[in-house]
Every structure is written in C-alpha cells, then in structure tokens.
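Chemist: Predicted model and sequence follow; I will ask about them next.
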Amino acid sequence: MSATLPLLVTGANRRVGLALTRRLLAEDQPVIAVYRDDPGPLRDLELEAYQVDLTEEAQRDTLLQQLHERHPALRGIVHNASVWAEDGLDNLRLLYRLHLEAPYHLNLGLQDLLLAAPRADIIHIGDDSATRGSRNHIGYAATKAALHNLTLSFAEALAPTVRVNTIAPGLLIFKEGADEAYRQATLDKALLDFEPGADPIVDTVLYLLSTQYATGSTFTVNGGRHLRHGRR
Ligand SMILES: NC(=O)C1=CN([C@@H]2O[C@H](COP(=O)(O)OP(=O)(O)OC[C@H]3O[C@@H](n4cnc5c(N)ncnc54)[C@H](OP(=O)(O)O)[C@@H]3O)[C@@H](O)[C@H]2O)C=CC1
Ligand SMILES: Nc1nc2c(c(=O)[nH]1)N=C([C@H](O)[C@@H](O)CO)CN2
C-alpha cells in the first residue's frame with residue numbers, strides 16, 4: 001500500500017465511509033475525503049476534505065480542478081457515496097447521478113492522476129441486489145448494477161496500472177430507526193444472521209489495495225444470502 005499518494009473516499013463522513021477512512025488513516029494511507037452535508041467527525045481527522053454534492057456536475061468539475069492543482073497522482077478512488085432511495089422517477093434521476101454519472105465522471109476526470117501512480121485502484125461499492133434486483137428498491141438495484149458495469153469497462157481501459165473492482169455487500173449497517181420486525185426479517189435472509197457493520201467493506205478494501213492479481217471482479221460479502229432459496 002502506497003505510504004504517500006492519497007486515496008479518494010466518497011461518502012467519508014459517516015457509517016461505512018467514516019469507518020473505512022479511519023482504518024485507512026490508521027494504516028498510514030492518506031485519505032482525501034468527500035462528503036455532502038456535514039463533515040462531522042472528519043473535522044477531527046488529519047486529512048484533506050471536500051464538500052461536494054456529487055449529483056451536481058459543476059461541483060464535480062470544481063473538485064477535479066482542485067485535485068489536479070494539488071496532486072500529481074492518486075493511489076485510487078473508493079466510490080462509496082450512495083443513497084438508499086425509495087422508487088420514483090425523481091429518485092431514479094438522483095440514483096443515476098450519484099451511482100453512475102458521478103463515478104463515471106470522476107474516473108474519467110482523474111484517470112490521468114491514477115495512471116501517474118506506480119499502482120492505483122478504483123473500488124466501486126455496489127450491492128448484492130445488483131445481480132438479482134430488488135422489488136422494493138428497483139432504481140437503487142439497477143443503478144448499482146450500472147455501477148458494476150463501470151468496473152468491467154474501466155478495468156479493461158486502465159489496466160495494468162489501475163485495478164478496478166466491485167465490492168457487493170448484503171446487509172452492513174441498518175438505517176437508524178429500522179424497527180425490530182424489519183431487522184429480524186433482514187437478518188433471516190442470510191445464512192450468517194448478524195449485522196456485520198462496516199468490516200466487510202473495510203477488510204475487502206484493504207485486501208484489494210494489497211493484492212496483485214484482481215481486476216474487473218466482484219467481491220461479494222453478503223452473509224450467504226444467495227443460498228437462502230425461497231426467501232427474498
Ligand atoms: N448500509 C448497508 O447495510 C448497506 C450499504 N451498502 C452500500 O455501502 C455503502 C455505504 O453504505 P452506508 O454507509 O450505509 O451509506 P449511507 O447511506 O449511510 O451514507 C452514504 C454516504 O454517501 C454520502 N452521499 C449521499 N448523497 C451524496 C451526494 N449527493 N453527494 C455526496 N455524497 C453523498 C453521504 O454523505 P452525507 O451524509 O453528507 O449526505 C454519506 O456519507 C453505500 O454505497 C451503500 O449503497 C450496500 C449494501 C448494504
Ligand atoms: N446508501 C445506502 N445503501 C444501502 C443501505 C443504506 O443504509 N445506505 N442499506 C441497505 C440495507 O441495509 C439492505 O442491505 C438490507 O435491508 C442497502 N443499501
């Protein structure tokens with residue numbers, strides 16, 4: 001893992017993204033954090049942070065310009081920013097912009113800085129539902145599937161300097177306020193029936209940053225949900 005070039009992490013200010021950021025810093029991996037609303041605990045961490053609404057092209061362009069002004073190269077990008085939005089046309093547009101347009105734009109706009117590194121990684125945080133759909137989050141699952149398709153194309157386009165992979169989690173962390181019935185129903189969907197927290201993502205990101213021979217692949221961490229046939 002490079003000890004100098006920074007890794008860009010989106011959605012770094014809470015939950016999975018914050019846990020990942022903290023672990024990367026603990027491993028002496030510099031982080032460039034992107035968040036939308038409130039930096040929250042990022043204020044207390046030694047890192048470069050940018051407030052960007054990633055659904056806004058102009059704000060992404062400003063971020064790209066600032067990063068080019070400040071960095072000759074990047075260790076990589078973890079595309080973690082996301083919304084778990086209910087279905088509806090307005091939300092589909094939001095999901096498209098955040099889960100597909102933003103990663104596509106940042107990958108293209110930063111590829112020169114990634115290719116300037118001795119080794120770089122792009123990691124798309126997808127979702128296990130991308131391969132099977134989700135009757136209650138149709139747009140979310142579809143845009144996560146599109147995000148995974150970026151992995152396939154960018155892996156081929158940027159090899160061998162830049163590895164590009166998808167991490168496809170099942171349950172990680174319940175939303176605040178999730179009721180007991182929902183929690184139990186969700187836990188029952190997987191063979192490993194516990195709420196794992198951020199570790200499946202954090203552990204897999206650290207693995208991908210160190211392994212030599214993975215690109216264009218999906219790393220599924222879903223508690224064996226795909227084996228609970230007959231349950232959705
Ligand atoms: N939690 C879970 O059980 C699961 C999560 N995942 C995936 O794992 C990843 C992390 O999950 P989790 O931590 O729960 O995610 P959250 O939904 O809790 O947080 C997502 C992050 O994305 C940021 N974000 C949202 N919209 C924008 C925007 N327009 N511009 C910039 N940043 C934005 C948020 O910033 P802000 O707070 O400032 O709005 C926040 O930091 C996500 O990609 C998610 O889809 C997949 C399966 C299960
Ligand atoms: N951006 C987010 N994506 C997802 C979340 C979340 O909180 N934010 N949560 C889930 C669920 O936990 C699901 O995995 C189980 O109900 C999915 N994606």
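Modeler: Looks like it arrived, so ask away. Ligands and ions are numbered 1, 2, ... in the order given.
Chemist: Report the buried residues of the longest helix along the chain.
Modeler: Ranked by number of residues, the top helix in the chain under DSSP state H is helix 138-158. For helix 138-158, burial by neighbour count (16 or more other CB atoms under 10 Å) applies to 138-148, 150-151, 154-155, 158. (Glycine included, C-beta is placed from N, CA and C.)
Chemist: can you list the residues of this protein near ligand 1?
Modeler: Proximity of the chain to ligand 1 (CB under 6 Å from any ligand atom) is limited to residues 10-11, 13-17, 35-37, 52-55, 80-84, 98, 125, 127, 169, 171-173.
Chemist: Next, check the residues you listed against the strands and list the overlap.
Modeler: 10, 35, 125, 169 (DSSP state E).
Chemist: Max pairwise distance over these: which two?
Modeler: 35 and 169 (20.2 Å; CB to CB).
Chemist: ok, the most centrally placed residue in the chain - contacts?
Modeler: The residue lying closest to the centre of the chain (CA atoms, centre = their mean) is residue 80, at 2.4 Å. Residues in contact with residue 80, defined by CB atoms under 8 Å, 6 or more residues apart in numbering, are 9, 10, 11, 12, 16, 17, 20, 125, 201.
Chemist: Mind doing that once more with 6 Å?
Modeler: Residues near residue 80 by CB atoms under 6 Å, 6 or more residues apart in numbering: 10, 11, 17, 125.
Chemist: what's the answer for residue 49, then?
Modeler: Residue 49 neighbours (CB under 6 Å, 6+ apart): 33, 39, 42.
Chemist: In a markdown table, list those along with secondary structure, pLDDT and neighbour count.
Modeler: Below are the contacts of residue 49 laid out as a markdown table (DSSP: H, G, I helix; E, B strand; the rest coil; pLDDT from 0 to 100; neighbours: other CB atoms under 10 Å):
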| residue | secondary structure | pLDDT | neighbour count |
| --- | --- | --- | --- |
| 33 | strand | 98 | 25 |
| 39 | coil | 97 | 18 |
| 42 | helix | 98 | 21 |
